[in-house]
Each structure stands twice: as structure tokens, then as C-alpha cells.
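Colleague: Give me the fold of what follows.
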Amino acid sequence: MTEAASSLDETGHRLTRRGRELQVGVVPIPHGVDGGHALVFGQATHGSPVISDGCLVRIHSRCLYGDALRSDDCDCGPELDMAMDMIQNEGAGVLIYLEQEGRGAGLINKARGLQTSERFDIDTFTSYARLELSADSRSYELAAQCLRDLGLTSVRLLTNNPDKVEPLEQAGLTVTRVPLHTWPRSERARKYLQAKRRHRGHQIPRLLAVSPVEQVSRERRARIHLASVAIPVMALPSALLGYIGVATISAATGLVVLGLCMWPDRRGGYRPARRIRNAARRSVVDVEQPCYLYPDLGEVSDDIRAPGEPRPPTPRGIGRRRARAMAHAGADQFGT
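Modeller: Sure, this is the predicted structure:
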């Protein structure tokens, strides 16, 4: 505690990042592999930053490619940027930067593992196993002890790696894990997230780890499933409404036709009944009571006959047109 406090008093200074100033002090963590430095951010008190329990803490392993060269092949650089943004927004926090390049294997072994991954199309965890290297040889006990030396008893740890939580809890710290999810910037970075989920149990959402093709196919299957459920549900009321609409239109058409048929004309009668009666009357008069032309009497009906003249026969079984023609042709033509 005394060494950490003295280091902060000696190294406290201002840091400008993204247009904002922040007070920072540096505490060394001596070790050959798992050592590094703790950067303490907070409000300045006599030149040294002040932090309190429950502050944000990021334990970050060095990645030269991601941190310095801004490589898109891993999530190290984006995770560091996000962690610093969150610490800067709160105005206080701790960044423990450990010299654990290549998950503790070093930069040379990391490069060998990447070469093996490209040659055999495998992830770096499998390539480390082929090279007889440990998949992850990092340790976080020294980082936990540094946090205890800073006077902290509880922290909010920015990590997706469950291996970083247990050492801090064993050191007596109360740990609240805060997810640090970043979107992969390349397909190789996405595959690296998949490997970390599969081999080391990192708590990364599957949405970030799956490939774009798999995500699109999954979304397409979800839309097809939704459509297969929604279409019948929506078609049933539509069909019902359509049936009701057709029935309504048919009934309305029938009522209109019936109303037109039953509409009274100027004489007070209904058109269909009057037409039927007139047609029946004409057929009876034309067929059963035809008029004949006599040479001496002119046009008379069959009820007015000359004395002693027999009644002319009434046509039977002939059509209406022929009866009319015969009625107008005269009795002499009818007799012939």
C-alpha cells in the first residue's frame, strides 16, 4: 500500500484523451511474464489521482498488433478503447496493463501460432497445441494483489474472460463483472471470438461470434418461420371477411333486382304482373277469338255470323304467329 501510494504521488500527471483531460498515475507490477503497470485514473489530490471502491477496472494483456498497430484480426484494440472510454466517462478507474503478449507465450511464439493457423486453417488455440505451447499461460494473482495494495475491496471488472474473476475473488475482492462486447471488425476477428467462446468459455454473445453468412441464414429461417405462422393466421380472417363480403354483395344484388321487379308503374300495377297478364290476354284473344274477313259484311268477329251459316272451326294445336296470320287472311283462305 505504501509503495503504491508513493508511486502515485511521484507519477501523477494530466493526460489528454479525446479532447478531455484526466489525471493519471502509474504503479509498477514487477514480474518477468505476468508483470506490467497499473494506470490509476481519477481526480487529482496533491498531484495523485484518487479512486474508491466499486470503480471500473480493466485487466488488459498486451497485444502489439491490436493495441499499437490497430489490427482488425482480433478484439484486443477495440476492447481497450471501450474500456478507456468507460473509465474516462466516469472520471475514475484502473487499467492494469500486463506484459502477457500472445496469451503469455510471447511475441515470437504468437507469430509462429498465427503462421500455423494460416497454413492449416485452424484457430490459434489449436495451433498452440500443435506447437506444444500452452493455450493460455497467463496468471492474474499479481494484478489482484496490486488492486489490494491500492486500497480497493470491491471492483467492477471489465471483462468477458471468467479466468480473470476467480483470482480477484480469491484475493478478497468483491467482483462485479461488466461485459465488454465489441463488434468484430473482420472475419478473422469473428473466428477468434468463436475460438475464445469454444476453448476458453469467454462470455461473448453468439450474435458477435457467428459469421455473417450464418447470421443471414439464421435470420432468413426465422423470417420464413414467422411467415409460415403469420400467413395462415392473417388469411383466416381475410377469407372470412371475403366470404361475408361476397354474401353481402349477393344479397344486396338480389334485393335490388327484387325491388326493380316489384316497383309500381304509372298505372298503379307492378310491372311483372301487368306484363304477364297482358301477354296472357293477347294470346287468348288472338287464338281463341280470331276475327275473320267476310266479303259482304267486312271484318266481324266469329260471334256475328250470317243466318244459317255454320260456325267456322277453331284452330287447334297451332302457334300464335300462325293463328294471327290465319285470322287476318280471311275465312275463305282459312277454309281452304
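Colleague: what's the domain layout of this protein?
Modeller: 2-100+138-214, 273-335 (automatic domain parsing).
Colleague: So which elements touch the strand or helix carrying residue 127?
Modeller: Element membership for residue 127 (DSSP states H and E) is helix 124-130. Contacts defined by 3 or more Cβ pairs under 8 Å, 6 or more residues apart in numbering; DSSP states H and E place helix 124-130 against helix 107-120, helix 187-200. Backbone N, C-alpha and C define where each C-beta goes, glycine included.
Colleague: tell me the most buried of those?
Modeller: helix 187-200 (a mean of 18; mean count of other Cβ atoms under 10 Å).
Colleague: For it, name the packing helices and strands.
Modeller: Counting by 3+ Cβ pairs under 8 Å, 6+ apart, helix 187-200 packs on helix 124-130, helix 206-209.
Colleague: weakest of the ones you listed in terms of mean pLDDT?
Modeller: Mean pLDDT is lowest for helix 206-209 among the helices and strands packed on helix 187-200, at a mean of 76.
Colleague: which outside residues touch it?
Modeller: For helix 206-209, the external contacting residues (Cβ atoms under 8 Å, 6 or more residues apart in numbering) are 181, 182, 183, 184, 190, 193, 194, 197, 215.
Colleague: Quick one: residues contacting the second one.
Modeller: When the contact criterion is Cβ under 8 Å, 6+ apart, the partners of residue 182 are 75, 78, 79, 82, 208.
Colleague: rerun that using 6 Å as the cut-off
Modeller: By Cβ atoms under 6 Å, 6 or more residues apart in numbering, residue 182 lies in contact with 75, 78, 79, 82.
Colleague: burial measure for the nearest residue to it once chain neighbours are set aside, as a count.
Modeller: Setting aside the residues directly before and after it, residue 182 is nearest to residue 78 in space (Cβ to Cβ, 6 or more residues apart in numbering), at 3.9 Å. A total of 19 residues lie near residue 78 under the criterion other Cβ atoms under 10 Å.
Colleague: quick one: residue 78 and residue 90, what's the gap?
Modeller: Distance of residue 78 to residue 90, given as Cβ to Cβ, to the nearest Å: 19 Å.
Colleague: Averaged pLDDT, the helix or strand that residue 256 is a member of. What do you get?
Modeller: Taking DSSP H and E as the criterion, residue 256 maps to helix 212-261. Averaged over helix 212-261, pLDDT sits at 68.
Colleague: same deal with stretch 163-183?
Modeller: 95.
Colleague: before we move on, what about stretch 90-109?
Modeller: On average, stretch 90-109 scores 96.
Colleague: ok, and for that stretch, which residues are buried?
Modeller: By neighbour count with 16 or more other Cβ atoms under 10 Å, stretch 90-109 contains the buried residues 92-106, 109.
Colleague: does residue 73 count as helix, strand or coil?
Modeller: coil (DSSP: H, G, I helix; E, B strand; the rest coil).
Colleague: can you tell me how far it sits from residue 207?
Modeller: 20 Å.
Colleague: Settle it for me: which of the two has more neighbours?
Modeller: Shown here are residue 73 and residue 207; by other Cβ under 10 Å, residue 73 has more neighbours (18 against 10).
Colleague: Show me where the stretch 1-150 of the chain dips below the pLDDT cut-off.
Modeller: 1-3, 5, 45-47 (pLDDT under 70).
Colleague: mind checking which helix or strand the closest residue to residue 38 other than its chain neighbours is in?
Modeller: Nearest residue to residue 38, sequence neighbours excluded (Cβ to Cβ, 6+ apart): residue 27, at 4.3 Å. Secondary structure assigned from DSSP H and E places residue 27 in strand 20-29.
Colleague: Would you mark the buried spots in that strand?
Modeller: For strand 20-29, burial by neighbour count (16+ other Cβ under 10 Å) applies to 22, 23, 24, 25, 27, 29.
Colleague: Can you tell me which of the residues you listed lies closest to residue 245?
Modeller: Nearest to residue 245 out of the buried residues of strand 20-29 is residue 22 (Cβ to Cβ; 69.8 Å).
Colleague: Please determine how far the nearest residue to residue 13 once chain neighbours are set aside is located from residue 63.
Modeller: With Cβ to Cβ, 6+ apart as the measure, residue 24 is the residue that lies nearest to residue 13, at 6.5 Å, once sequence neighbours are left out. Using Cβ to Cβ, we find residue 24 at a distance of 21 Å from residue 63.
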